[in-house]
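Participant: Sequence first, then the predicted structure:
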Amino acid sequence: NPMVANITNFMALTPSNFVALAAYRDELRDIRHDMPLHLAIALTGGTIGSLLLIWAGEARFERFVPWLMLTATILFAAGGWLRSHLDRLGRGGGGIRQRWLYVFEFILMVYGGYFGAGIGIITLAALSVAGQTSLHHANAQKNAMIAAMSVIALGIYVWSGHIAWLAGLPMLVGVIAGGYASIRVIKRIPERVVRNGVLAWAVLLTIYTFWKYG
């Protein structure tokens, strides 16, 4: 059923974020002082979101997915303009923006534990607007947060018995093999090209989610 399929897919994709962390170890070292609070938010949100999924099912959230993806795509595309506009709000604007980022991150991690479609794109968009100008640093932070959210959610899903292991394990092996290699390739490509590629994928994913859930 769709719930088992979604949770099995979640299980299979979980290792990709941990594998990516190994490839982004230099970037993680640069942002390590900012990470403890972000990881705590991810763990808390992931716990709440996964428990909500077990309790309520996924159908209640599906209709919001296309609009979340559309919002994320717009935010990612306009991230630089929005960031500069927020910076012009004056002294103290950065602190206000950071507090709102924490709130938004918590909502995202609840969503990630609950449903998770497009969570990577949405998180990248939020970090871009919040002031993370380096796509590789944003990717490293995104992967760390989603990894923390995923591990707590996966524990709850395993406990719930909603994983089709026979279908999920081959996917998991492929994710582990592809995750590390893809990051190594991406880090050799100019950041502008990577950003445009992410934006193109976000547009396609938005169109798909409107077709599937709209």
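Facilitator: Received it, and whenever you're ready, just let me know what you need.
Participant: low-scoring stretches of this protein, by residue?
Facilitator: Along the chain, segments meeting pLDDT under 70 span 58-61, 79-97.
Participant: any idea which residue sits dead centre in the chain?
Facilitator: Nearest to the mean C-alpha position of the chain, by C-alpha atoms, centre = their mean, lies G120 at 2.9 Å.
Participant: State the phi and psi torsions of the residue nearest to that one when sequence neighbours are not counted.
Facilitator: Distances taken as C-beta to C-beta, 6 or more residues apart in numbering place K142 nearest to G120, at 6.2 Å, with adjacent residues excluded. (C-beta placed from N, C-alpha, C; glycine too.) Per-residue torsions, K142: phi -60, psi -50 (degrees, to the nearest 10).
Participant: wait, the residue nearest to the centre of the chain sits on A138?
Facilitator: No. The pair G120 / A138 is not scored as a contact, 10.5 Å apart, by C-beta atoms under 8 Å.
Participant: sorry, back to before: element containing the residue nearest to the centre of the chain?
Facilitator: helix 119-130 (DSSP states H and E).
Participant: list the buried ones in that helix?
Facilitator: Under the neighbour-count criterion of 16 or more other C-beta atoms under 10 Å, helix 119-130 has 119-130 buried.
Participant: now do stretch 107-120
Facilitator: Neighbour-count burial for stretch 107-120 flags 108-120 (criterion: 16+ other C-beta under 10 Å).
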